[in-house]
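Trainee: Provided below for reference: sequence and predicted model.
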2 protein chains.
Amino acid sequence: MPGRQPGLTNESAGHLAEAAPSSRGATRSQVDAAIRSGLLTGRFIPGKAVTIRGLAGELGVSPMPVREVLQRLSAENALEVKRNGRVQVPDMTRDRFEEVLTARLLLEPELAERALPHLTLQDVKTLTALDDDIDQRIVGGDAEAYMRLNHAFHFHIYRASASKVLLPLIDSLWLQFAPFMRTVYGRVGTASLVDQHKEAIRAIELKDSAALRAAISGDIADGMGLLGKEILESATAG
Amino acid sequence: MPGRQPGLTNESAGHLAEAAPSSRGATRSQVDAAIRSGLLTGRFIPGKAVTIRGLAGELGVSPMPVREVLQRLSAENALEVKRNGRVQVPDMTRDRFEEVLTARLLLEPELAERALPHLTLQDVKTLTALDDDIDQRIVGGDAEAYMRLNHAFHFHIYRASASKVLLPLIDSLWLQFAPFMRTVYGRVGTASLVDQHKEAIRAIELKDSAALRAAISGDIADGMGLLGKEILESATAG
DNA sequence: CGTGTCATTTTGTGATCACAAAACCTGAAC
DNA sequence: GTTCAGGTTTTGTGATCACAAAATGACACG
C-alpha cells in the first residue's frame, strides 16, 4: 500500500485487498475492480445515489481514485451523472432494455464465433465446471453467485478471442443490464432461470460456429427476453 | 469562467470558449468537448503521448478536469493508458481495424433504421446541406473539415433515434478509428473519397429502411474498407 | 398535521501539493 | 561513435483544501 498521505498516516488500512502494492495506478485498479464487480453482481441498487466520499471511505482510500473510476464507469454508461453531479446506477426503462437486448444479440454471437478457433479442450473443462456450479447456485437461490458465474462463463468464451474492440463494447453492455437483472432475480427468484450453456459447450467441442451462435443468441433471449420484458411492462420503474 | 484558484488568479484566460460559466462540471464538459473534437478531426497523432499538464496548459485549466476526461476517454477506448501511465492515441492494427469495421457494420445500419421514423423533412434538408458541404471539402482537400462534417452527417441521423445504448457504442467506435483515418487521408489525400450519402438521403425521403441500411453499410465499406485495408497491409505501423 | 423557511451538513468540483517512477539529457569511459 | 552511468526534469498518482451548489434537518407558522 503506497503510504503517501502528507498529513496523516494510513490508519486502519481499509478493506481493499492488500495485493500488489507497487505499480502505477494500483489503487485505481483495485477501486475499479471493486466497483465493477459490485455492479456485475448487483450490489448497487439502481436509482440509489453513489457518493464519492462514501465509496472512498468503504474502500479505505482517498476520494481521488474513486472520482476517476466513477468518471470512467460513467463513460461506459454503467453509471449516470445527473445534472446536479450526483452519480447513480441508471434505472432501467423499456426502451433501454430493448436496446441492450438488440446490441447483445448483434455483438455477442459474433464475438463468440471469433473466439471459437482459440478455445481449447481445457477451456471446455473450465466452462463445464462453471456451468455445473451455475446450476447448483440456481437451485440454491444464490442470485449474486449466479450473476458472477454467468458473467465468468460468457466472458471466458469472449476473452479467448483476444478482441480489443468488440469485447469492451460487450463489457459496457453487461455493466448496463446487470444491476437491473439483479433486482429482477430478487423478485422472481432464480428457480425459473434457464440457459443454453450446455448447448454452447457442445458447439465448442464440435467447433460448430453456427451452433455456437445459436446457443449464445438463445441464451441471451432466455436470460433477458423472458424475464425482463414482463417486469418492465407491469411497472414503470424497474 | 469559475475563478477558483486558491493561490493564483486566472491569468491569461486560456483558449477555452468562455461559454456558460456556471453549472456543475462546466469545465470538465468543455475539456471533454475540446479533446473529443480533436480526436474526431484528427488533431491528435496515434502513438504520440498526450500529457495531462500539457493539455491543461493549452486549455488554460488545472490538470484536474483533464485527468478525469482522459480517464473517461480511455474507458471508451479512444485513448490508451500504457503500463507506465502515459496515455496516447492507440495506433491502429490490422486486427483492430477489422473489428471496428465489423462492429460498425453490425450497429450503424441498425441504429439508422431505428432513427428513420423520427427523421423529418427538415432533417433531410440539413443532411443535404451537410452533404453538399462535404463534397466541396473533398475536392478542396480539407481533410479536417471533411472528417468533422462526415461525423456530423452520420450522427445527425443516429441522434434522431434518441438511443441511449447503441449511440454511445457507435460513438466509441468513431473515436477509435477517426485518428487513424486522418493519417490515411494525410497520405492519399481526399480526392479518392466516395460515399453513399445521397443514397442515404434518398432512402430517408422514401422512408425505405432496407435502402437506408444498404446505404449506411455501403458508406461504411466505401469509407473504411477501401482505403484502410491497403494502408495497413503495406506497413506494420499505421 | 402539513408547509414553507432558514441554518447545517453533505457532496461534487477545481486547484494545489508531495512523492515516486519514468523519461530525458549529459558526459565520461571505452 | 557507442554505451552506460549519473543527475535533472517531466509526468502520473494519491491526497488534501476551498468553495459553491445541493441535500438535509430543524423549526416556526398556518
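Mentor: Looks like it came in fine.

Trainee: residues of the helix or strand containing A:R36 that come out buried?
Mentor: Under the criterion of DSSP states H and E, A:R36 resides in helix A:26-40. Within helix A:26-40, the residues that count as buried by 16 or more other CB atoms under 10 Å in any protein chain shown are A:26-28, A:30-32, A:34-36, A:38-40. Where C-beta positions appear, they are placed from N, C-alpha and C, glycine not excepted.

Trainee: before we move on, what about stretch A:147-161?
Mentor: Buried-residue list, stretch A:147-161, by 16+ other CB under 10 Å: A:147-151, A:153-155, A:157-158, A:160-161.

Trainee: Make JSON lines out of the residues you listed and add pLDDT and secondary structure.
Mentor: Listed next are the buried residues of stretch A:147-161 as JSON lines, based on pLDDT from 0 to 100; DSSP: H, G, I helix; E, B strand; the rest coil:
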{"residue": "A:M147", "pLDDT": "95", "secondary structure": "helix"}
{"residue": "A:R148", "pLDDT": "97", "secondary structure": "helix"}
{"residue": "A:L149", "pLDDT": "98", "secondary structure": "helix"}
{"residue": "A:N150", "pLDDT": "97", "secondary structure": "helix"}
{"residue": "A:H151", "pLDDT": "98", "secondary structure": "helix"}
{"residue": "A:F153", "pLDDT": "98", "secondary structure": "helix"}
{"residue": "A:H154", "pLDDT": "98", "secondary structure": "helix"}
{"residue": "A:F155", "pLDDT": "98", "secondary structure": "helix"}
{"residue": "A:I157", "pLDDT": "98", "secondary structure": "helix"}
{"residue": "A:Y158", "pLDDT": "98", "secondary structure": "helix"}
{"residue": "A:A160", "pLDDT": "98", "secondary structure": "coil"}
{"residue": "A:S161", "pLDDT": "98", "secondary structure": "coil"}
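
Trainee: nearest to chain B, of those?
Mentor: A:S161 (9.2 Å; CB to the nearest CB).

Trainee: Contact residues of chain A facing chain B?
Mentor: Residues of chain A found near chain B (CB under 8 Å from any CB of the partner chain) are A:24-25, A:67-69, A:71-77, A:81, A:83-85, A:95-96, A:99-100, A:102-103, A:106-107, A:110, A:163-166, A:168-169, A:172-173, A:176.

Trainee: Now, the residues you listed that are in helices?
Mentor: A:67-69, A:71-75, A:95-96, A:99-100, A:102-103, A:106-107, A:110, A:166, A:168-169, A:172-173, A:176 (DSSP state H).

Trainee: Of these, select the buried ones using a ChimeraX command.
Mentor: A single ChimeraX command is used to select the members of these judged buried by 16+ other CB under 10 Å:
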select /A:67,68,69,71,72,73,74,75,96,99,100,102,103,106,107,110,166,168,169,172,173,176
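
Trainee: picking that back up, is any residue of the helix holding A:R36 near DNA strand C?
Mentor: No. Helix A:26-40 lies out of reach of DNA strand C by CB under 7 Å from any atom of the strand, never closer than 10.0 Å.

Trainee: and for that helix, what are the contacting residues?
Mentor: For helix A:26-40, contacts defined as CB atoms under 8 Å, 6 or more residues apart in numbering or on different chains pick out A:2, A:16-17, A:19-20, A:44, A:55, A:59, A:61, A:65-66, A:68-70, A:72-73, A:78, A:89, A:147-148, A:151, A:174-175, A:178-179.

Trainee: what is the mean pLDDT for that helix?
Mentor: Average pLDDT, helix A:26-40: 97.

Trainee: C-terminal to that helix, what's the next element?
Mentor: Counting by DSSP H and E, the next helix or strand C-terminal to helix A:26-40 is strand A:49-50.

Trainee: That next one pairs with which strands, parallel or anti?
Mentor: Looking at strand A:49-50 with DSSP bridges, its partner strands are strand A:87-88 (antiparallel).

Trainee: Does DNA strand D have contacts with the partner strand?
Mentor: No. Strand A:87-88 does not reach DNA strand D (CB under 7 Å from any atom of the strand); its nearest approach is 10.6 Å.
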